[in-house]
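S.K.: need coordinates for the below:
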Amino acid sequence: MRRDISNRIQNVTNRILQDYQNGRDIDNMNVFNQPDRTAVRDITYKLLSILFPGYYRPKFRSYNYDGRIAVVVEDVIYNLQKQISIALRFKEEYAAETDYELKMSAEELAIDFLDRLPKIRALVNTDMQASYEGDPAAFSIDEIVLCYPGLLASTINRLAHELFLLGVPLIPRMMTEYAHSRTGIDIHPGATIGEYFFMDHGTGIVVGETSIIGKHVKIYQGVTIGALS
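M.R.: Below you'll find the model as predicted:
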């Protein structure tokens, strides 16, 4: 009986391996030539710890605050440039670059992106204020940062949007789809969103790539802004 089970398992395995040979899109085996989802999520969390130093705790321990942030920034740049260098292969303009050239291009993009974090923090701060002022049930700013899915989704989108503007492929979408899976809010990184943005409850909100949202906008759950295919 045990031998029969082993044979059946081997037969199933052989059938699956044979199925991989059909040359379809689903048969892509280049797992090491794709940006890593887990790495992108880890980078996103560390970026949140830079944006909200009092709310997201990095894994690095340091008694010196400046030193702790320096370590996180350096870690993000190192890991982000690794993922960007892989993603750039998906853009035709980078197809002829050597691995070293890709690394240099990716490193430059990563540093340019991190240099935009103060601007992103300023925008996120307006979103925090809009959330607090727009929701009479909000007890405090702390509650909004720690609990509100709308702020999490809009913050990750503001990060992803800057990478999108820098021309980085794939990674911005991976970041916003991570937020989508966490919050039920689907915002394309190409969407342009002004200051003081607030999504009340947020569940089911969809914002498309070409959407332009002005300042002081409040959106309720279940709203789609964008074309229907």
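S.K.: list the contacts of the closest residue in space to Gly226 that isn't next to it in sequence.
M.R.: Leaving aside its chain neighbours, Gly226 sits nearest to Gly208 (2.3 Å; criterion: C-beta to C-beta, 6 or more residues apart in numbering). Bear in mind the C-beta positions are built from the backbone N, C-alpha and C, glycine included. Neighbouring residues of Gly208 by C-beta atoms under 8 Å, 6 or more residues apart in numbering: 188, 191, 224-227.
S.K.: now Gly208: how far from Asp115?
M.R.: Going from Gly208 to Asp115 by C-beta to C-beta, to the nearest Å gives 28 Å.
S.K.: ditto for Gln81
M.R.: Look at Gln81 and Asp115: by C-beta to C-beta, they are 14 Å apart.
S.K.: from the contacts of Gly208, which land in helices?
M.R.: Taking DSSP state H as the definition of helices, those contribute nothing to them.
S.K.: so which of those wins on neighbours?
M.R.: With neighbours taken as other C-beta atoms under 10 Å, the top of those is His188, carrying 22 neighbours.
S.K.: quick one: contacts for the closest residue to that one other than its chain neighbours?
M.R.: The shortest distance from His188 to any non-neighbouring residue, by C-beta to C-beta, 6+ apart, is to Glu209 (4.1 Å). Shown in contact with Glu209 (C-beta under 8 Å, 6+ apart): 188-191, 226.
S.K.: and the residue positioned nearest the centre of the chain, what element?
M.R.: Residue closest to the average C-alpha location in the chain (C-alpha atoms, centre = their mean): Met175, at 1.4 Å. Using DSSP states H and E, Met175 sits in helix 171-183.
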